[in-house]
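Visitor: sharing a model prediction with you, sequence too.
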Amino acid sequence: MSVTLQDVDKIARLARLEFHDEEKETITHQMNDILTHIEKLNELDTSMVEPLSHVIELSNVFREDVVKPSLPPEEALRNAPSSVDTFFTVPKVIG
């Protein structure tokens, strides 16, 4: 499979890009080089390779979920500029 100037025109139109004729020539050659490289990679036997979800090995970095006591409402509201009962009050933002 090779990319033609018409393919580059169509892709550019779909992407809403504009290129000069010299740029289209360059892009055509670059896209063909990429496809040649991909075809070469497709020649490799990957039947014994396990599919990956990520390129590198990931590990969970989250801490254990441990229940701890929280602040009592009175202490949490101590520095609040405004409160009603056990709630923070904020300016109305929806009309």
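Guide: Yep, that arrived.

Visitor: ok, and what's touching the lengthiest helix in the chain?
Guide: Assignment by DSSP state H gives helix 21-42 as the longest helix of the chain. Helix 21-42 is contacted from outside by Met1, Ser2, Val3, Thr4, Leu5, Asp7, Val8, Asp9, Ala12, Phe19, using CB atoms under 8 Å, 6 or more residues apart in numbering. Bear in mind the C-beta positions are built from the backbone N, C-alpha and C, glycine included.

Visitor: in it, which residues are buried?
Guide: Lys24, Ile27, Thr28, Met31 (16 or more other CB atoms under 10 Å).

Visitor: and the next helix or strand after that helix, C-alpha only, in CSV?
Guide: For helix 21-42, the succeeding helix or strand toward the C-terminus, using DSSP states H and E, is helix 73-76. Coordinates of each C-alpha in helix 73-76 appear next as CSV, following Å, rounded to 0.1, in the frame of the first residue of the first chain:
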residue,chain,number,x,y,z
PRO,A,73,-17.7,19.3,62.4
GLU,A,74,-17.0,22.0,65.1
GLU,A,75,-13.3,21.8,64.5
ALA,A,76,-13.7,21.7,60.7
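
Visitor: picking that back up, need the buried residues of helix 21-42 in CSV (columns: pLDDT).
Guide: Compiled in CSV, these are given as follows (pLDDT from 0 to 100):
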residue, pLDDT
Lys24, 95
Ile27, 96
Thr28, 96
Met31, 96
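
Visitor: let me know the outermost residue of the protein.
Guide: Ranked by distance from the centre of the chain (CA atoms, centre = their mean), the top residue is Asp85, with 43.0 Å.

Visitor: dump the longest helix of the chain to CSV, restricted to CA.
Guide: C-alpha atoms of helix 21-42 as CSV (Å, rounded to 0.1, in the frame of the first residue of the first chain):
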residue,chain,number,x,y,z
ASP,A,21,2.5,21.4,-3.5
GLU,A,22,6.1,21.0,-2.2
GLU,A,23,4.8,20.1,1.3
LYS,A,24,2.4,17.6,-0.2
GLU,A,25,5.3,15.9,-2.0
THR,A,26,7.3,15.7,1.2
ILE,A,27,4.4,14.5,3.3
THR,A,28,3.6,11.8,0.6
HIS,A,29,7.2,10.5,0.9
GLN,A,30,7.2,10.6,4.7
MET,A,31,3.9,8.7,4.9
ASN,A,32,5.2,6.1,2.5
ASP,A,33,8.3,5.7,4.6
ILE,A,34,6.2,5.2,7.7
LEU,A,35,4.1,2.6,5.9
THR,A,36,7.2,0.8,4.7
HIS,A,37,8.5,0.7,8.3
ILE,A,38,5.1,-0.7,9.6
GLU,A,39,5.1,-3.4,6.9
LYS,A,40,8.6,-4.4,8.0
LEU,A,41,7.3,-4.6,11.6
ASN,A,42,4.4,-6.8,10.4
